[in-house]
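[1] Compute the structure for the input listed below.
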Amino acid sequence: MSLYPNLILDALRTVKYPGNGKNIVELGMVEDDMRIAGNRVEFSLIFDRPTDPFIKSIVKAAETAILTHVGQDVEIRDNIHVKTRHANPAKAEKPNPLPGVKNIIGISSGKGGVGKSTVAANLAVALAREGYKVGLLDADIFGPSVPKMFGAETDQLYMHEVDGHPLIIPLEKYGVKVLSIGFLVNQNDAMVWRGAMASRALNQLIEEADWGDLDYFLIDMPPGTSDIHLTLVQTLGITGVVIVSTPQEVALADARRGIAMFTGDKVNVPVLGIVENMAWFTPEQHPDERYYIFGEGGAAKLAKEMDVPLLAEIPLVAAVGKHSDEGTPIALGDTMSAQAFFHLAHEVIDAVDRRNSTLPPTHKVEMK
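    Numbering: from 1, shown residues only. The predicted model follows:
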């Protein structure tokens, strides 16, 4: 087979950038540096920022397009290089603050009081119990609750030197590396900070901590939409976000706005799916009974409307709150509630795999 640049470009025109419907050639993302030697093809893709959440999936899609439309014998894997387009060429590209982290997942909610931090803490524990290396950052600057949920309100943080730089050592408990602004302030003090102060504190917990190698780095984000979310997106290449809501219409309306923020042009982060927390009430003595005290099926309808997966439905069980208050997340056990969080962990793993391989999501939820 005789290969030439236009043949490769025609294949790349089938690769669309998510969200705007335009292909990567039309968007000027294919740099004019293509090199062809026999069956070997090598070129660069240009992205606007190093934290673009679609880098991995676009590179994978470009490889697949060439192998599909040009030929399976084209040597293209690992021959597509990634570059960043700078508005100011004199400005040096900021290094990746978490080079050892494979997947960064935000846990967000449109409003407070829906159990976002409970979901984040138990998801982290469930992933760790499945054998993954997990970190959890409590980025809910104005209401940090992760220290209490991990029974670590009075624990002290320490620092050590790595390559000559002093770094914070995250607390490790239940197999999860944890950091929170709650470790650095008096737990009885009100967090009255301007946005810039909160962003600087958050950056310190990300960039001046020794997180090491992680499979999943979960971020418990503040509720609502704020400049904290922009700070996280600009600082990190977030793999995707999980939206937590309850079945109530008020919560669902806020969740809809949260999804719109993440998928909008300014943030542009994939939504991995929705978790419906407090989906129904189940008395501990009667685990087969369900009472839909906040409404029924609201998150499933929202997931279908917004074209995102429904990852899990977590029941409202008194023991979940009790274990959180005692600093022992319920995912440490093997109860029905614990199994709901293990199911969520498996769904998140699958959603990340789909996002990285550009496979279409599904809306099916099967409780174990």
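[2] wait, residue 320 sits on residue 337?
    Yes: if you go by C-beta atoms under 8 Å, residue 320 and residue 337 touch, sitting 5.4 Å apart. In this view, the C-beta of every residue, glycine as well, is placed from N, C-alpha and C.
[3] what's the overlap in contacts for the two?
    Residues touching both residue 320 and residue 337 comprise 314, 330, with contact defined as C-beta atoms under 8 Å, 6 or more residues apart in numbering.
[4] Of the two, which one has the most company?
    Using other C-beta atoms under 10 Å as the criterion, residue 320 and residue 337 rank with residue 320 on top: 25 against 22.
[5] How many residues are close by residue 73?
    By other C-beta under 10 Å, 8 other residues sit near residue 73.
[6] how close does it sit to residue 38?
    Here residue 73 is placed at a distance of 10 Å from residue 38 (C-beta to C-beta, to the nearest Å).
[7] same deal with residue 77?
    Remark: distance between residue 77 and residue 38 (C-beta to C-beta) = 15 Å.
[8] again, but for residue 248
    Distance from residue 248 to residue 38, by C-beta to C-beta: 62 Å.
[9] mind checking the SS state of the residue most central in space within the chain?
    Nearest to the geometric centre of the chain sits residue 105, at 1.7 Å (C-alpha atoms, centre = their mean). The three-state assignment at residue 105 reads strand, by DSSP: H, G, I helix; E, B strand; the rest coil.
[10] Please apply the same query to the one 3 residues further on.
    Three-state secondary structure (criterion: three-state DSSP) places residue 108 in strand.
[11] for it, what are its contacts?
    Taking C-beta under 8 Å, 6+ apart, one finds 116, 221, 223, 229, 241, 242, 243, 244, 258, 262 in contact with residue 108.
[12] do the same with residue 70
    By C-beta under 8 Å, 6+ apart, the residues touching residue 70 are 1, 3, 7, 8, 11.
[13] Same question for residue 4.
    By C-beta under 8 Å, 6+ apart, residue 4 lies in contact with residue 36.
[14] Help me confirm that residue 32 is found in a strand?
    No: assignment of residue 32 by three-state DSSP gives coil, placing it outside any strand.
[15] ok, residue 248 and residue 38, which is more surrounded?
    Neighbour tally, residue 248 and residue 38, criterion other C-beta under 10 Å: the higher count belongs to residue 248, 18 against 9.
[16] how close does that one get to residue 315?
    In terms of C-beta to C-beta, residue 248 sits 15 Å off from residue 315.
[17] from what I can see the residue nearest to the centre of the chain touches residue 239, true?
    Yes: Residue 105 is within contact range of residue 239, at 5.8 Å (criterion: C-beta under 8 Å).
[18] intersection of neighbour lists for these two?
    272, 352.
[19] so after the lowest-mean-pLDDT helix or strand in the chain, what's the next helix or strand?
    Using mean pLDDT, DSSP states H and E, the weakest-scoring helix or strand in the chain turns out to be helix 227-235, at a mean of 69. Proceeding N to C from helix 227-235, the next assigned helix or strand is strand 240-245, under DSSP states H and E.
[20] Export only the CA atoms of that next one, formatted as CSV.
    Output in CSV follows, covering the C-alpha atoms of strand 240-245 (Å, rounded to 0.1, in the frame of the first residue of the first chain):
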residue,chain,number,x,y,z
GLY,A,240,-14.6,13.2,34.2
VAL,A,241,-17.1,14.1,36.9
VAL,A,242,-19.8,12.2,38.8
ILE,A,243,-22.9,14.2,39.6
VAL,A,244,-24.7,13.4,42.9
SER,A,245,-28.4,14.2,43.3
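[21] Just name whatever secondary elements it is in contact with.
    Here strand 240-245 touches strand 101-109, helix 116-129, helix 249-263, strand 271-281, helix 298-306, helix 336-357, going by 3 or more C-beta pairs under 8 Å, 6 or more residues apart in numbering; DSSP states H and E.
[22] just flag whichever of these has the lowest average confidence.
    Lowest mean pLDDT within the helices and strands packed on strand 240-245: helix 249-263, at a mean of 82.
[23] Give me the pLDDT for residue 165.
    Note for residue 165: predicted pLDDT of 83.
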